[in-house]
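Colleague: sequence unavailable; structure follows:
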C-alpha cells in the first residue's frame, strides 16, 4: 500500500470511529454536556493519530509555534516534499465544541519529552474542566483510569448540577447516593473496576479539594500506596517529577 493510500485509509478509519462513538454517546447526552466532552476526547484522539503521521513523514512533531495548523498546511520549516498532508479532513475544525481552540504544547509542560494536546473545557479556563489526552508511550504516569473518573464526574455534574460530596465519594458514580432520588439517577457513569489504580489501590476523592478548592481532587496514592510525592492527581505534579 502506498503512503498516500495509508494516510487516506487512516483518515477514513478515524471518521468512522468518530461517528460511531458520537452516535452512541448522543443517546445519553442528547448533544448536551457529556456528549460534548466525549466529542472533544474523540477529536483529540484524531489529532494524536494525525500527529503520529506527521512525525513519521517529517521526522518530528510540530513545534508549539507551528501548532495543530501544521497538520493542515505545510509549515515553512518543513520540506514540502516530506509533508504528505493534510493529515486532517478539510472540514475538521481546530476548536472544541464550546468554540475554544485546542491547546498544543511541544515539548509539553508535563510530557517534557513529548507533546500535550487538550481542551480548556466548557468554561474555557481549564482547571477541573480541562479535557486531556496523553498519547500512549508519552504518558509521564498511568492516567487512563483517572481521566475516566474525571469524565464520569463531569457527567454526574451535568445531570445533577453538582459533583458528589466527599461523603458520597466515587461510589456515587456507580450507585445512586441517598441525596438523589433513585428514579432520577442516570448512572452508573463508570465501571467499578476503573475506580482502582493500576497498583490495586482505590482512587481517592474530595470535594471541595485541597488542591482544587473550587472543584474536586481525585487521585491515586501511587505505587507505594502512601501518597506524598508519589500521589497522582488532577493537579500539577511536583516540579522535577
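Modeller: Yep, that arrived. Quick caveat, the model's predicted, so the values are computed rather than measured.
Colleague: grab the most central residue of the protein for me.
Modeller: Nearest residue to the geometric centre of the chain (C-alpha atoms, centre = their mean): residue 132, 3.1 Å.
Colleague: can you tell me the SS state at that one?
Modeller: Under DSSP: H, G, I helix; E, B strand; the rest coil, residue 132 falls in the strand class.
Colleague: walk me through the domains of the chain.
Modeller: Domain segmentation of the chain under automatic domain parsing yields 3-133, 163-233.
Colleague: residue 148 is nearest to which of those domains?
Modeller: domain 163-233 (4.9 Å; C-beta to C-beta). (Each C-beta comes from the backbone N, C-alpha and C, glycine too.)
Colleague: for the closest one, the averaged confidence score.
Modeller: Taken as a whole, domain 163-233 has a mean pLDDT of 88.
Colleague: skipping adjacent residues, who's closest to the residue nearest to the centre of the chain in space?
Modeller: residue 118 (4.4 Å; C-beta to C-beta, 6 or more residues apart in numbering).
Colleague: any idea how far the residue of the chain positioned farthest from its centre lies from residue 195?
Modeller: Distance to the chain centre peaks in the chain at residue 81, reaching 32.9 Å (criterion: C-alpha atoms, centre = their mean). Residue 81 is 50 Å from residue 195, where distance means C-beta to C-beta, to the nearest Å.
Colleague: cool, residue 89 as well?
Modeller: 36 Å.
Colleague: of the two, which one has the most company?
Modeller: Taking neighbours as other C-beta atoms under 10 Å, residue 89 and residue 195 compare with residue 195 leading, 20 against 15.
Colleague: the more buried one touches residue 175, doesn't it?
Modeller: No: contact between residue 195 and residue 175 fails when scored by C-beta atoms under 8 Å: they sit 11.5 Å apart.
Colleague: could you pull out the strands for this protein?
Modeller: Along the chain, counting by DSSP state E, strands occupy 103-105, 116-119, 131-133, 204-206, 217-220, 232-233.
Colleague: tell me which of the ones you listed sits nearest to residue 61.
Modeller: For residue 61, the closest of those is strand 103-105, at 9.2 Å, according to C-beta to C-beta.
Colleague: what comes up buried for that closest one?
Modeller: Residues of strand 103-105 classed as buried by neighbour count (16 or more other C-beta atoms under 10 Å): 103, 104, 105.
Colleague: for those, which one is nearest residue 234?
Modeller: For those, the closest approach to residue 234 (C-beta to C-beta) belongs to residue 103, at 16.4 Å.
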